[in-house]
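[1] Output the structure for:
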Amino acid sequence: MTKWTTSNMPSQKGRSAVITGTGGLGLEDALELARTGGEIIIAGRNHQKGAEAVARIRSEVPSANVRFEQVDLASLKSVADFAARLKGQRGSLDLLINNAAVMTPPRRQATSDGFELQFGTNHLGHFALTAHLMPLLRNGTNTRVVTLSSVAARAGAIDFDDLHATRSYQSMRAYGQSKLACLLFAFELQRRSEANRWGVSSIAAHPGISRTDLLHNAPGRWSAAGMTRTLMWFMFQPASQGALPTLFAATSPEARAGAYYGPDKMNEMRGFPTLAKVPPQAEDKTAAERLWRVSEELTGVTFQ
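    Model prediction:
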């Protein structure tokens with residue numbers, strides 16, 4: 001795994017992938033998977049950004065098999081509609097990258113289903129998407145589900161008494177909860193896949209501190225976080241570097257099911273892929289099982 005880069009990626013010819021998110025890390029993931037011959041479906045909310053992502057990839061990889069599909073992870077109906085379209089178009093899927101995220105909107109916002117926006121989008125939207133796509137994933141070859149967490153998960157805690165921050169909202173605390181939930185989900189999915197013989201490998205990854213638009217999108221370009229991102233840009237590693245742990249988890253024969261990968265330098269803030277330190281609260285199997293049950297109840301989906 002020493003200094004693993006995209007030059008180490010095996011061919012993806014014959015493999016299919018869905019990646020959520022049209023910019024930043026998602027775009028870098030899609031570009032490299034397309035470059036190595038994979039069939040890529042970029043799934044995102046914004047048609048214009050989706051078209052721009054497809055155009056960017058085709059400009060660099062003219063032979064790319066890539067297209068955009070609309071899905072809003074903050075809407076369970078949109079997630080179900082996207083999955084239904086996909087199941088009507090194909091019989092299998094080899095790779096799902098749960099990448100898209102919302103980060104630290106300054107005021108509490110809710111999804112169309114009434115969930116706190118970050119928990120609803122980052123965790124529940126991907127939970128529902130993975131469940132809906134499980135029939136396709138179970139028909140895939142060497143199938144992997146890669147779910148993105150964050151260094152923010154280290155300080156995260158699941159507040160089962162107030163999952164949607166209706167009593168008290170702190171943007172970073174809500175973000176940390178959502179990313180811890182992503183990590184708990186990734187580990188629990190692997191345990192359940194093994195127990196039920198689904199044949200799906202679940203792997204978690206995080207990008208360190210990367211130069212994406214997350215801090216410009218929700219907090220705003222002129223917020224303190226947005227200004228830090230703009231003025232201190234050199235503190236953030238390029239998105240192409242931040243995408244490496246995800247791409248390693250998605251493609252490398254060395255990647256292990258149930259593992260967690262992140263950058264190897266500066267307390268996992270930057271560098272090349274390596275095994276990441278798992279926060280102790282992410283190893284709580286009781287909390288993971290409870291979160292799974294609650295997530296099924298909230299989204300109305302089950303894994304089959």
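[2] Quick one, grab the pLDDT at the residue sitting furthest away from the middle of the chain.
    Here the centre of the chain is the reference, and by CA atoms, centre = their mean the most remote residue is R167, at 27.5 Å. Per-residue pLDDT puts R167 at 96.
[3] do the same with R211
    We have a pLDDT of 72 for R211.
[4] For A155, see how far away it is.
    To A155, R211 is 22 Å away according to CB to CB, to the nearest Å. C-betas here are computed from N, CA, C, even on glycine.
[5] next one: E283
    Counting by CB to CB, the gap from E283 to A155 is 16 Å.
[6] what helix or strand does D159 sit in?
    Using DSSP states H and E, D159 maps to neither a helix nor a strand.
[7] where in this structure is pLDDT low?
    Counting by pLDDT under 70, the chain has low-confidence residues at 1, 212-236.
[8] mind listing the strands for it?
    16-20, 39-44, 65-70, 95-98, 143-148, 200-205, 210-211, 237-238, 260-265, 270-275 (DSSP state E).
[9] Looking at the ones you listed, which is nearest to G26?
    Of all these, strand 16-20 sits nearest to G26, with 5.2 Å by CB to CB.
[10] which helices and strands sit right next to that closest one?
    Other elements packing on strand 16-20 under the criterion 3 or more CB pairs under 8 Å, 6 or more residues apart in numbering; DSSP states H and E are helix 24-35, strand 39-44, strand 95-98, helix 126-138.
[11] tell me the angle of that strand relative to helix 126-138?
    180 degrees (axes from the mean of the first three to the mean of the last three CA atoms, to 10 degrees).
[12] Do I have it right that R45 meets D72?
    Yes - R45 lies in contact with D72 (CB atoms under 8 Å); the separation is 4.6 Å.
[13] neighbours of D161, just the number please.
    Taking other CB atoms under 10 Å as the criterion, the count of residues near D161 is 6.
[14] hang on, the earlier thing: going by how many neighbours each has, rank E283 and A155 and give me the top one.
    A155 (15 against 12).
[15] Isn't the more buried one up against G176?
    Yes - contact criterion CB under 8 Å: A155 and G176 qualify, at 5.0 Å.
[16] measure the nearest residue to S149 once chain neighbours are set aside to S202 for me?
    Spatial nearest neighbour of S149, excluding adjacent residues (CB to CB, 6 or more residues apart in numbering): L183 at 4.2 Å. Remark: distance between L183 and S202 (CB to CB) = 11 Å.
[17] ok, which stretches of this structure are helices?
    24-35, 47-60, 76-89, 117-118, 126-138, 171-196, 214-217, 224-231, 239-242, 244-251, 285-299 (DSSP state H).
[18] and the residue nearest to the spatial centre of the chain, what does it touch?
    The residue lying closest to the centre of the chain (CA atoms, centre = their mean) is N99, at 2.3 Å. Counting by CB atoms under 8 Å, 6 or more residues apart in numbering, N99 touches I19, T20, G21, L25, G26, D29, V146, L148, T246.
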